[in-house]
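Visitor: below are the sequence and a predicted model; questions follow.
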Amino acid sequence: EVCQSWLSKLRDQNSAITVLAFKTSDCERFVVRVNGSLQQRPPPQRAAPPPALAARVTLAEGVAERPWESRHVVYVDGGFEELSEPAIRLLRAAAGVEAGAHVLVGVHSDETLRQHLGRPPKEGINARVNRVLEDRHVSSALADAPWSLSRELISSLGIHKVLVSGKGSASKLGKDESTAGAYAAAREMGILQVVPLA
């Protein structure tokens, strides 16, 4: 209260008073008040990814913010040959990680699926990307997503969390947490979250 009283007196003398309040000493979470009114948290300052990568990202209808401009990006990937019940549950879980999170869905290319699943997909990548973008939980799609996530991709797109289905879901989704090497970087970075779908 003393601090608030002191600040209100100063505000009358200088209209440019800004106060930062930190929740903890690690300064990760904070609020900003300018002249007594709470301000929105500034967006993260990230460089845009390389043009070739940025060109592969398509925003869902009504979404204006690209993943690398978002405060919190949740990534899910797969072939998405159909939006089966497990796939829908995974997308719903991604949207529920944090309120307002940007859900980025990586869709593997026809060649990637052929190479890793041993068969061509039922539909081409354009049809699969369009299907994913129609789901209300999805903010954007990354066409030709790599089978194995790298630290570089995670960093370039500003990914904060990677969701993957639990063991035993590979037959329905094409891959799961036990798929060799696919999620090693996310696991090492501590951003992998396993969603049990069984």
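Guide: All right, it came through fine. Numbers count the residues shown, from 1 in each chain.

Visitor: pretty sure L53 sits in a helix.
Guide: Yes. With DSSP: H, G, I helix; E, B strand; the rest coil as the criterion, L53 is located in a helix.

Visitor: the closest residue to it other than its chain neighbours: which element?
Guide: Closest residue to L53 apart from its sequence neighbours, by Cβ to Cβ, 6 or more residues apart in numbering: S156 at 5.9 Å. For every residue, glycine as well, the C-beta is placed using N, CA and C. Using DSSP states H and E, S156 maps to helix 151-157.

Visitor: which residues sit against that helix?
Guide: 49-50, 53, 57, 67-68, 73, 75, 104, 142, 146, 159, 162, 185-186, 189, 191 (Cβ atoms under 8 Å, 6 or more residues apart in numbering).

Visitor: H116 looks like it's in a helix, true?
Guide: Yes. Counting by three-state DSSP, H116 is found in a helix.

Visitor: ok, it touching P146?
Guide: No. Using Cβ atoms under 8 Å, H116 is not in contact with P146; the gap is 10.8 Å.

Visitor: now list the buried members of the contacts of helix 151-157.
Guide: 49, 53, 57, 67-68, 73, 75, 104, 142, 159, 162, 185-186, 191 (16 or more other Cβ atoms under 10 Å).

Visitor: filter the residues you listed down to the ones in strands?
Guide: Members of those lying in strands (criterion: DSSP state E): V57, V73, Y75, L104, L142, I159, V162.

Visitor: of those, closest to R136?
Guide: Set against R136, the nearest of these by Cβ to Cβ is L104 (14.9 Å).

Visitor: show me what the closest one is bridged to.
Guide: Beta-bridge pairing for L104 (DSSP bridges): Y75, S140.

Visitor: tell me how far it lies from E82.
Guide: As for L104, its distance to E82 is 20 Å (criterion: Cβ to Cβ, to the nearest Å).

Visitor: ditto for A141
Guide: 15 Å.

Visitor: who has more neighbours, the two?
Guide: A141 (26 against 12; other Cβ atoms under 10 Å).

Visitor: please enumerate the helices of the protein.
Guide: 2-13, 51-54, 85-95, 110-117, 125-134, 151-157, 170-173, 184-189 (DSSP state H).

Visitor: who does the third one touch, helix- and strand-wise?
Guide: Applying 3 or more Cβ pairs under 8 Å, 6 or more residues apart in numbering; DSSP states H and E, one finds that helix 85-95 contacts strand 73-78, strand 102-107, strand 159-165, helix 170-173, strand 192-195.

Visitor: so where's this structure shaky on pLDDT?
Guide: By pLDDT under 70, the weakly predicted segments of the chain are 1-45, 168-174, 176, 198.

Visitor: now the helices of the chain in TSV, with distance to G62?
Guide: Output for the helices of the chain, formatted as TSV (distance: least, Cβ to Cβ, whole Å):
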stretch	distance to G62
helix 2-13	39
helix 51-54	20
helix 85-95	14
helix 110-117	28
helix 125-134	11
helix 151-157	20
helix 170-173	26
helix 184-189	28
